[in-house]
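A.B. asks: pasting the sequence and the predicted coordinates here, then a few questions.
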Amino acid sequence: MAGCCGALRGFLFEYDTPRIVLIRSRKVGLMNRAVQLLILAYVIGWVFVWEKGYQEKDSVVSSVTTKAKGVAATNTSQLGFRIWDVADYVVPAQEENSLFVMTNMIITVNQTQGTCPEIPDQTTRCESDANCMVGSGSTHSNGVWTGRCVPFNGSVRTCEVASWCPVEDDSQVPRPAFLKAAENFTLLVKNNIWYPKFNFSKRNILPNISTTYLKSCVYNAHTDPFCPIFRLGQVVESAGHSFQDMAVEGGIMGIQVNWDCNLDRAAALCLPRYSFRRLDTRDVDHNVSPGYNFRFAKYYRGLSGQEQRTLIKAYGIRFDVIVFGKAGKFDIIPTMINVGSGLALLGVATVLCDVIVLYCMKKRYYYREKKYKFVEDYEQGLSGDTDQ
Amino acid sequence: MAGCCGALRGFLFEYDTPRIVLIRSRKVGLMNRAVQLLILAYVIGWVFVWEKGYQEKDSVVSSVTTKAKGVAATNTSQLGFRIWDVADYVVPAQEENSLFVMTNMIITVNQTQGTCPEIPDQTTRCESDANCMVGSGSTHSNGVWTGRCVPFNGSVRTCEVASWCPVEDDSQVPRPAFLKAAENFTLLVKNNIWYPKFNFSKRNILPNISTTYLKSCVYNAHTDPFCPIFRLGQVVESAGHSFQDMAVEGGIMGIQVNWDCNLDRAAALCLPRYSFRRLDTRDVDHNVSPGYNFRFAKYYRGLSGQEQRTLIKAYGIRFDVIVFGKAGKFDIIPTMINVGSGLALLGVATVLCDVIVLYCMKKRYYYREKKYKFVEDYEQGLSGDTDQ
Amino acid sequence: MAGCCGALRGFLFEYDTPRIVLIRSRKVGLMNRAVQLLILAYVIGWVFVWEKGYQEKDSVVSSVTTKAKGVAATNTSQLGFRIWDVADYVVPAQEENSLFVMTNMIITVNQTQGTCPEIPDQTTRCESDANCMVGSGSTHSNGVWTGRCVPFNGSVRTCEVASWCPVEDDSQVPRPAFLKAAENFTLLVKNNIWYPKFNFSKRNILPNISTTYLKSCVYNAHTDPFCPIFRLGQVVESAGHSFQDMAVEGGIMGIQVNWDCNLDRAAALCLPRYSFRRLDTRDVDHNVSPGYNFRFAKYYRGLSGQEQRTLIKAYGIRFDVIVFGKAGKFDIIPTMINVGSGLALLGVATVLCDVIVLYCMKKRYYYREKKYKFVEDYEQGLSGDTDQ
């Protein structure tokens, strides 16, 4: 009991601190301070100034809506003079973070369920019924083969297929793009962001933007960097591509909105920055399955009640709005953690200098003698104590 | 060779440990222990209890499906008595993590390709053909201007436009909202989550929920917190907004599902928590481009074979289901890392106490003498050793 | 001033390093080195080899497009012989990261606005008008009740409802699935990834894939692991489920693309790895609200000009493409940070050995005497210095 009390008293009332050798040497002293200065400069410069280690960080939560505007007129033998507006070329009408604008198409009108000859190619050309399988051919055929060989036109015979007839001929993509006027369409991006940790929210239509300005402005990196209305042609060109090239076979553009904010400063300085990037890399030398397209159909009821459809293979540009960013605000906990690990790094200076002093300098034996006290295991020899 | 062996023997068979001064002082001893206790309390309290530093963490992977239910009846002069069901008001029919419910609309029936007068406003009103440009006007016009000035009605003349005719008049948004009954529609959210690191998966339809309960229940934060069926009106009200206000011009609601789980406890305690937030901030004083709407069209084939469409400018509420959460489970590696850095922090106590003992206390010179051994560079003066 | 200069000179030209006891003992020395070796092995093995702590890390940014191929033929009394192609069974025509393939359906043709009897069930069966409420019934009814009780067929009478008529009867899901041939449809997944920090981008159609190969290949984990074309049946089976079972009530499949890359090695070694997982867990014993379905409608104009629609309750499989991955590349900063914290951990060896040497060994009093110098507070007693 008494021993226990003594131990507790010893534990509570004793203070242990390492014993230090203070070497009065210009060379070593200066070197030590220089190394400490370097580490301090790194800690303050990198951790605090560059990485803002004194700030609590949060990632952005965002909601996006998009809206296209613009009208195009086309005049073809198949469709005649025709106006295309938003409801025609945006498919589907809305998506969560992206918008597809149709720029080119292969249109097959008045398809009905029936049988008709396939489009001629290596696998569908035939001489007689013997060349045609029965049942579904490859997954690339347009329907179920009937096993008959029928004339496609005056000179060519192809296998007959049960499908939506006539079958689509997508061997030729129209050049230039059918809706090449899409270059001048505009895209309004509405974006609300939220930093949950700081309960800070903002929209990309800034408070100083008036309705009048919003009706007429178009984004320009230099003159109108905060106008949320983008001309499609300009978006593609900013990413270093040609709109008319991209319009033919389609593609995917990323509209990146960066909301990096330092919330220790005024909220009005937290501003969106836009940048543009093509998301489907297009190797000129490796042109397998390029672009972006999909098929959809508009269904009709014919005059005699039978189902008809207009099949559209739509090529176009999908604009994906990608919102990212980090906000930081002063907070005591990350500050303490970084100060702590900064101090710990200062200890490295001592280790480094020790190595130099004890192994590299001429007077190393002298210094070692001062730093170390040698203790022999008393069973193995003298309990020599060089520390006098 | 012998020297090398000796160095190796020295390296292997020597043990170096810092020499310590043990100062028997109540004041300093107690202070030292108090600082250590504070640091220990921080390490245990903050890192282990609050942040659960002994756990491996993982982020949630989720899949969401949604389904709306409800029927509304409207009676207008334009459309007559009409029933609206899910296939009518949910556009598009499905999306990955969200669902759009149309609550208001401007409907323009029986549009065909042709020419017709624009809706009168500042830029379209005209006296004679001289006031009307030829070609596509602004991006905000409905089509391509023909250059003619035609009567819009008895008193007003506007420029003629080639477009889908008649053109849409969206100057007046219906108030109250057309489908105001949407307030009582319900939304079923099915959500499966997965924590890949722990191979733990769960769905928000909990095992104790029966088919009968699921057919009749409606989410209520207090009485039915685990019912995955939400009344739309209640979702908007929980976020502090008025459904009927929001229904007029549309908006975006976030349904947040939080799956924070402590997997050291029973799996049955890992439960979803729902919360609701409006994602499009609506400043009352800064009302530029409010709400959420988009246009889509239903295409018909007229009696004479020409294409017709019904254009709908749909205002409504998009419900985005946002699933987030972190799960933690005991793991040896983060435990060791946190114990290690906690121990390292204890070293800060010694540094702090040293500063106080050696610089602030009355007996500082006495303590310094005990802690330090001064060594002069022997070229610069006496190789004085105060440690005697 | 002179004192200040002296202090500054002291600060600059003094070097302080801890005094060390070197104990020459085989046992303790070997133990110390063994503990240090273990820690070193952990630091090098775990942090550097396993976790690649010398690399800067980045998360993948990705864009995905999908395209289904395949044709199915059905022959039913309701619809007759009919071919289904991509434009028929993919709804909506495109989504950002997923694709829905309809595999089963309940189709209700020629619906018009009107009044008709409800489908008989517990709540809709009636004897007389007194059994039928007026106004919208439950949210599960198909429309607005008129309050009349009308014959559903020869023997059963149900309440009349104003709605799209005839109302859908979804009590029986077709078994086997209507489009069971969907098992052989294929899905082309095009995926471009980007590691922003390293400006490294790649697509899942690898440079050595030719157009010919892409036209005929089908993904197989062993023979064609880099073919981006997946047979739907195989995707479901790889996840351990039966396609035909899943096709009946629908579900959600995740196609996971893993792009973990070590960019210190050749770019050609950065390859996608595909895996498949069912995202809607299906408990056999807890079968509440299984599968995945939604309703959509195709709108027609009838011969007399009235609006008609074909309502489709679509059951099917939604394929969500989930792209993830981390890339690492050598960088000096994480290397330094990890070397630093590894060195810090070496200090733990000293603490551990101290505990053993000073508290557990027989000669502990001898070692303690060498390590510690006891200093009494001179007010409390002798200024004893056991360090001789």
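C.D. replies: Cool, got the structure. Numbers count the residues shown, from 1 in each chain, chains lettered A, B, ... in the order given.
A.B. asks: what segments of the stretch 101-250 of chain A are strands?
C.D. replies: With DSSP state E, counting those that start in this stretch, the ranges of strands along the stretch 101-250 of chain A come out as A:134-136, A:144-151, A:157-165, A:186-195, A:200-203, A:229-231.
A.B. asks: can I get those in JSON lines with mean pLDDT and distance to residue B:334?
C.D. replies: (C-beta placed from N, C-alpha, C; glycine too.) As requested, the strands of the stretch 101-250 of chain A are exported to JSON lines (pLDDT from 0 to 100; distance: least, CB to CB, whole Å):
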{"stretch": "strand A:134-136", "mean pLDDT": "76", "distance to residue B:334": "55"}
{"stretch": "strand A:144-151", "mean pLDDT": "90", "distance to residue B:334": "59"}
{"stretch": "strand A:157-165", "mean pLDDT": "91", "distance to residue B:334": "59"}
{"stretch": "strand A:186-195", "mean pLDDT": "92", "distance to residue B:334": "27"}
{"stretch": "strand A:200-203", "mean pLDDT": "89", "distance to residue B:334": "30"}
{"stretch": "strand A:229-231", "mean pLDDT": "95", "distance to residue B:334": "45"}
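A.B. asks: which of the ones you listed sits most buried?
C.D. replies: strand A:157-165 (a mean of 23; mean count of other CB atoms under 10 Å in any protein chain shown).
A.B. asks: what residues does the stretch 1-150 of chain A put near chain C?
C.D. replies: For the stretch 1-150 of chain A, the residues in contact with chain C (CB under 8 Å from any CB of the partner chain) are A:16, A:18-26, A:28-33, A:46, A:91-92, A:95-98, A:100, A:113, A:136, A:139-144.
A.B. asks: what's around the closest residue to chain B within the stretch 151-300 of chain A, how many residues?
C.D. replies: For the stretch 151-300 of chain A and chain B, the shortest gap (CB to the nearest CB) falls at residue A:300, measuring 4.1 Å. Close neighbours of residue A:300, defined as other CB atoms under 10 Å in any protein chain shown, add up to 26.
A.B. asks: thought it was touching residue C:299?
C.D. replies: No: contact criterion CB atoms under 8 Å: residue A:300 and residue C:299 do not qualify, at 10.0 Å.
A.B. asks: which residues do these two both contact?
C.D. replies: Shared contacts of residue A:300 and residue C:299 (CB atoms under 8 Å, 6 or more residues apart in numbering or on different chains): residue B:300.
A.B. asks: what residues does the helix or strand residue A:83 falls within touch?
C.D. replies: Assessed by DSSP states H and E, residue A:83 sits inside strand A:80-84. Strand A:80-84 has contacts (CB under 8 Å, 6+ apart) with A:71-76, A:179, B:113, B:143-144, B:162-164.
A.B. asks: mind running it again at 7 Å?
C.D. replies: Residues outside strand A:80-84 that contact it (CB atoms under 7 Å, 6 or more residues apart in numbering or on different chains) are A:71, A:72, A:73, A:74, A:75, A:179, B:113, B:143, B:144, B:162, B:163, B:164.
A.B. asks: equivalent analysis for stretch A:212-230, please.
C.D. replies: A:186-190, A:204-206, A:209, A:231, A:255, A:271, A:274, B:288-289.
A.B. asks: which residues does the residue nearest to residue A:270 when sequence neighbours are not counted contact?
C.D. replies: Of all residues not flanking residue A:270 in the chain, residue A:261 sits nearest, at 3.7 Å (CB to CB, 6 or more residues apart in numbering or on different chains). Counting by CB under 7 Å, 6+ apart, residue A:261 touches A:270, A:325, A:327.
A.B. asks: apply 8 Å and report the result again.
C.D. replies: Counting by CB under 8 Å, 6+ apart, residue A:261 makes contact with A:195, A:200, A:269, A:270, A:325, A:326, A:327, A:328.
A.B. asks: export those residues as a markdown table, with columns for secondary structure and distance to residue C:54.
C.D. replies: Output for the contacts of residue A:261, formatted as a markdown table (DSSP: H, G, I helix; E, B strand; the rest coil; distance: CB to CB, whole Å):
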| residue | secondary structure | distance to residue C:54 |
| --- | --- | --- |
| A:195 | strand | 33 |
| A:200 | strand | 36 |
| A:269 | helix | 37 |
| A:270 | coil | 35 |
| A:325 | coil | 28 |
| A:326 | strand | 25 |
| A:327 | strand | 30 |
| A:328 | strand | 27 |
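A.B. asks: from these, list the buried ones, please.
C.D. replies: Using 16 or more other CB atoms under 10 Å in any protein chain shown as the burial test, the contacts of residue A:261 include A:195, A:200, A:270, A:325, A:326, A:327, A:328 as buried.
A.B. asks: looking at these, which is nearest residue B:319?
C.D. replies: Nearest to residue B:319, judged by CB to CB, of the buried ones among the contacts of residue A:261 is residue A:195 at 22.1 Å.
A.B. asks: please report how far the closest one lies from chain C.
C.D. replies: 20 Å (CB to the nearest CB, to the nearest Å).
A.B. asks: for that residue, what are its contacts?
C.D. replies: Listed by CB under 8 Å, 6+ apart, the contact set of residue A:195 reads A:58, A:59, A:60, A:61, A:201, A:261, A:263, A:327.
A.B. asks: so the second one touches residue A:328, yeah?
C.D. replies: No: in terms of CB under 8 Å, residue A:59 does not count as a neighbour of residue A:328; the distance is 11.0 Å.
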